[in-house]
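Asks: structure of the sequence below:
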Amino acid sequence: MSKVITVRGLEIGSGMPKIVAPLMGASPTEIVDGAKNLVGLSVDVVEWRADHFADICDTPSVLDVLADLRAALPHTPLLFTCRGKQEGGDKEISAADYTALNKAVAESGLADLIDVEIFSAGAMARQNIANIHAAQVLVVGSHHDFLRTPPAAEIVARLQMMQDMGADILKIAVMPAKAADVLTLLSAALEMSQNAKQPLCAISMSGLGTISRLAAGIFGSALTFGAAGTPSAPGQIPVEQLAKTIFLMHNA
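Replies: Numbering: from 1, shown residues only. Modelled structure (predicted):
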């Protein structure tokens with residue numbers, strides 16, 4: 001059984017899956033207003049998709065927005081994500097710049113969790129994890145495959161690699177071409193959850209994979225992603241609908 005991670009009083013890995021909502025926006029006003037609109041919704045963790053921010057290459061500006069987000073959501077865990085282009089992000093960013101940005105965010109103390117692309121970051125992934133942990137911030141190890149659903153054994157191996165590299169939460173999202181692909185993802189998630197040392201999040205994207213978001217907890221995922229505005233990935237559904245379905249599934 002995976003261990004429970006507590007972030008600002010939120011237990012990730014126990015009870016129902018926790019709902020993550022992404023914040024998308026190009027300007028500080030869009031981003032902070034979006035955060036304020038989340039107050040009162042069924043959202044457990046807020047993810048700032050900073051790759052959509054127009055000034056992502058200006059670290060002081062990034063930290064200013066983070067400070068405003070922290071003020072707007074003082075008790076909500078914040079996940080900082082700068083998603084690379086090849087994994088569905090909005091902008092190109094070099095491995096060196098990605099690493100420096102994540103380090104600065106971690107050292108600011110404004111984010112509770114930072115997403116690290118385990119495969120896209122290449123050899124720099126381990127350095128990212130080390131830098132973030134040195135600042136006593138948690139790492140969400142991630143991998144996104146928009147082209148296919150790998151075999152179950154490969155999905156498990158990728159999650160295992162994230163764990164072996166020291167990620168605190170393991171996240172994988174894959175694209176299905178047919179219903180059987182969704183079953184492959186769910187089967188791999190269940191298998192990994194039975195032996196994982198860390199909480200995990202396994203997603204089958206697009207409308208075809210929506211069941212993987214709704215039934216996340218049944219198949220071992222501790223987190224699921226929903227939309228409270230612009231979706232950050234295909235297949236996300238509104239957080240209130242997601243919350244109601246999760247509650248029904250866990251209290252039937």
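Asks: would you list the phi and psi of the spatially closest residue to Ala54 that is not a sequence neighbour?
Replies: Closest residue to Ala54 apart from its sequence neighbours, by C-beta to C-beta, 6 or more residues apart in numbering: Ala26 at 4.5 Å. All C-beta spots, glycine's among them, are computed from the backbone N, C-alpha and C. Taking degrees, to the nearest 10, you get phi -90, psi -30 for the backbone angles of Ala26.
Asks: strands along the stretch 151-252 of the chain, start to end?
Replies: Ranges of strands within the stretch 151-252 of the chain are 169-174, 200-204, 223-225, based on DSSP state E, counting those that start in this stretch.
Asks: and Ala71, which of these is closest to it?
Replies: Closest to Ala71 of the strands of the stretch 151-252 of the chain, according to C-beta to C-beta: strand 223-225, at 24.0 Å.
Asks: give me the distance between that closest one and the centre of its chain.
Replies: Taking C-alpha atoms, centre = their mean, to the nearest Å, the mean C-alpha location of strand 223-225 is offset from the chain mean by 7 Å.
Asks: contacts for it next, please.
Replies: Strand 223-225 is contacted from outside by 12, 17-22, 45, 47, 169, 171, 199-201, 203, 213-214, 216-217, 232-233, 236, 242, 246, using C-beta atoms under 8 Å, 6 or more residues apart in numbering.
Asks: what residues of that strand count as buried?
Replies: 223-225 (16 or more other C-beta atoms under 10 Å).
Asks: now tabulate the residues you listed in CSV and tack on pLDDT and distance to Val32.
Replies: Formatted as CSV, those follow (pLDDT from 0 to 100; distance: C-beta to C-beta, whole Å):
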residue, pLDDT, distance to Val32
Leu223, 97, 24
Thr224, 96, 25
Phe225, 95, 21
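Asks: where do the helices sit along this structure?
Replies: Secondary structure of the chain (DSSP state H): helices located at 28-38, 59-72, 95-108, 124-134, 152-164, 179-193, 210-214, 239-251.
Asks: out of the ones you listed, flag the one nearest Gly141.
Replies: Here helix 152-164 is closest among these (C-beta to C-beta), at 3.4 Å.
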